[in-house]
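Enquirer: Predicted model follows, preceded by the sequence.
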Amino acid sequence: MLFAIAIDALNSLLLHAHRHGLLQRLTTRHAPSSISLFADDVVIFCHPPRQDLQVIRELLHVFGEVSGLRTDFTKCSPTPIRCEDPDLLTINTELACVVAPFPMTYLGIPLSVRKPSASSLQPIADKLSKKLASWRAMLLSRGERLALVCHVLSAMPSHILVLLALCRPPPPPVLKQINRILREFLWYDRKETQNGHGPVHWQRVCRPLELGGLGIPDLHRQGIAMRARWLWLQRTDPSKPWVHLHLPSDADTTAIFRTSTTWTVGDGRSCLFWTDYWLHGKSIADIAPSLLPLVPRRRRKSCTVAEGLSDRRWIADLHGALTPRALVEYVHLWQLLRPFTLSTTPDHLSWRWTANVLLHQLRINFYPYDLPILLMLHLQYKYRIIRVYLWKGVLFLLSNEAIDPSATNTPVSMLV
């Protein structure tokens with residue numbers, strides 16, 4: 001913790017140098033993000049000109065004199081990314097460090113300017129196998145092996161789950177191999193079997209305990225949840241230094257994030273016009289699906305509600321001829337947008353799936369007139385909350401004088 005606080009002072013020095021023009025900004029459009037911290041490992045990003053390197057070296061010297069955390073350049077390694085030969089000579093002269101080549105492996109993750117291949121992630125599976133070699137699985141009970149799978153083996157590949165989204169096709173082969181290693185260690189006391197199958201389907205094993213599973217993390221779904229959280233932080237916390245970057249996200253993550261969030265539109269400067277759920281709880285893509293292919297992809301990702309409603313600029317985003325269906329959707333969308341007005345308050349993004357929202361949806365959709373559906377869900381999934389509302393619904397109908405339990409067209413008679 002003390003190290004992180006001290007490194008925050010170094011970050012403030014770098015930001016001060018950026019504001020006064022001593023260091024070049026990494027990008028011309030966004031705020032500088034020049035430092036990355038993980039535990040006691042620090043990475044500083046800068047441009048390769050001589051002036052920038054001299055400023056970085058002097059800032060590290062000043063920071064070391066003040067904090068006592070002096071930099072040993074013999075243990076540092078600059079890594080040039082798309083630099084020319086004169087830049088490499090300048091780096092060797094100014095920093096006097098051993099230059100590390102790029103692409104490289106940092107904190108167990110292969111870094112490259114291109115999408116990682118499945119073979120580059122193979123060392124993760126090899127690390128799991130090496131870990132198993134030191135364990136005497138035959139001397140452990142199944143409960144002890146379950147604890148090791150949940151808290152040790154499943155945690156080892158967690159830091160690469162975001163990286164797995166870049167591999168195609170999803171899920172990558174290395175993820176299937178990791179699941180096979182976990183499955184075989186849990187059921188068969190060893191890391192290799194002939195058939196590779198367990199007595200229970202692995203997706204059922206990865207369910208939570210309250211749903212009949214063993215609580216083992218599902219790495220594929222855990223990766224989706226992690227990437228969805230990145231999307232959430234990108235839209236709700238503009239102070240993050242990586243907000244302007246393109247985050248790795250597959251189709252499943254994007255669909256879950258857009259379905260699970262809803263916007264309360266204020267000034268319309270943060271909410272996207274074409275893809276976010278802001279118009280009566282729906283998105284323009286859902287209201288007018290035939291119009292969305294006519295909008296360029298760049299405009300879908302950049303056009304805000306304020307920009308689209310200003311002088312009806314969303315009409316200019318449509319390129320191409322309108323089909324009869326698209327024309328009907330265009331008129332319907334025009335009628336929905338015409339009375340819509342913006343305010344001065346900022347937009348607010350909210351998460352739909354809270355406990356209160358789920359309970360409210362259960363009361364609205366099932367209670368008390370869909371008892372056969374509740375019974376079917378209870379028999380299939382055995383949810384405790386559904387069982388409670390099932391019997392509450394039965395008691396409600398039996399105690400309601402307006403409903404005759406002996407009739408043949410009531411939910412009670414259908415339930416019986």
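Expert: On my side now, so go ahead.
Enquirer: contacting residues for residue 80?
Expert: Contacts of residue 80 were listed using Cβ atoms under 8 Å, 6 or more residues apart in numbering, and they are 48, 87-88, 91, 99, 102. Using the backbone N, CA and C atoms, a C-beta is placed for each residue, glycine as well.
Enquirer: Backbone dihedrals for it, both of them.
Expert: Residue 80 adopts backbone torsions of phi -80, psi 140, taken as degrees, to the nearest 10.
Enquirer: State the number of residues packed around residue 89.
Expert: Burial of residue 89, expressed as a neighbour count using other Cβ atoms under 10 Å, amounts to 11.
Enquirer: just residue 218 next, same as before
Expert: Counted with other Cβ under 10 Å, residue 218 comes out at 18.
Enquirer: doesn't residue 206 make contact with it?
Expert: Yes. With contact defined as Cβ atoms under 8 Å, residue 218 reaches residue 206; the gap is 3.9 Å.
Enquirer: Quick check, pLDDT for the residue nearest to the spatial centre of the chain.
Expert: In the chain, the C-alpha nearest the mean C-alpha coordinate belongs to residue 227, at 1.3 Å (Cα atoms, centre = their mean). The per-residue pLDDT reported for residue 227 equals 82.
Enquirer: Quick check: which element contains it?
Expert: Counting by DSSP states H and E, the element that carries residue 227 is helix 219-236.
Enquirer: what helices or strands is that helix leaning on?
Expert: Counting contacts by 3 or more Cβ pairs under 8 Å, 6 or more residues apart in numbering; DSSP states H and E, helix 219-236 is packed against helix 161-164, helix 173-188, helix 251-260, strand 348-351.
Enquirer: Quick one: residues in contact with stretch 82-90.
Expert: Contact partners of stretch 82-90, identified using Cβ under 8 Å, 6+ apart, comprise 48-50, 53, 80, 91, 99, 113.
Enquirer: Alpha carbons of it, as PDB, please.
Expert: The C-alpha trace of stretch 82-90 is given here as PDB (Å, rounded to 0.1, in the frame of the first residue of the first chain):
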ATOM      1  CA  ARG A  82       7.600   0.200 -33.500                       C
ATOM      2  CA  CYS A  83      10.800   2.300 -33.100                       C
ATOM      3  CA  GLU A  84      13.400   3.000 -35.800                       C
ATOM      4  CA  ASP A  85      17.100   2.200 -35.500                       C
ATOM      5  CA  PRO A  86      18.100   5.800 -34.600                       C
ATOM      6  CA  ASP A  87      15.600   5.600 -31.700                       C
ATOM      7  CA  LEU A  88      17.200   2.400 -30.400                       C
ATOM      8  CA  LEU A  89      20.600   4.100 -30.400                       C
ATOM      9  CA  THR A  90      19.200   7.000 -28.400                       C
END
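Enquirer: Tell me how far that stretch lies from the chain's centre.
Expert: Relative to the centre of its chain, stretch 82-90 is centred 36 Å away, using Cα atoms, centre = their mean, to the nearest Å.
Enquirer: Give me the buried positions along that stretch.
Expert: Burial within stretch 82-90, assessed by neighbour count using 16 or more other Cβ atoms under 10 Å, is assigned to 83, 87, 90.
Enquirer: which stretches of the stretch 251-400 of the chain have low pLDDT?
Expert: Within the stretch 251-400 of the chain, the stretches falling below the threshold (pLDDT under 70) are 354-400.
Enquirer: Please, where are all the strands along it?
Expert: Taking DSSP state E, counting those that start in this stretch as the criterion, the stretch 251-400 of the chain carries its strands at 261-264, 348-351.
Enquirer: Burial check on residue 185, number of neighbours?
Expert: Should you count by other Cβ under 10 Å, residue 185 turns out to have 24 residues around it.
Enquirer: What are the boundaries of the helices in the stretch 251-400 of the chain?
Expert: Chain-ordered helices for the stretch 251-400 of the chain, with DSSP state H, counting those that start in this stretch as the definition, fall at 251-260, 284-287, 297-302, 305-309, 324-337, 355-366, 371-381, 384-399.
Enquirer: So which residues make contact with the fourth one?
Expert: Pointing back at helix 305-309 there. Contacts of helix 305-309 from elsewhere in the structure, counted by Cβ under 8 Å, 6+ apart, are 265, 267-269, 271-274, 276, 278, 313-314, 317, 337, 340, 342, 347.
Enquirer: Kindly tell me how buried the spatially closest residue to residue 153 that is not a sequence neighbour is, as a neighbour count.
Expert: Setting aside the residues directly before and after it, residue 153 is nearest to residue 182 in space (Cβ to Cβ, 6 or more residues apart in numbering), at 5.6 Å. The criterion is other Cβ under 10 Å. On that basis, residue 182 has 27 neighbouring residues.
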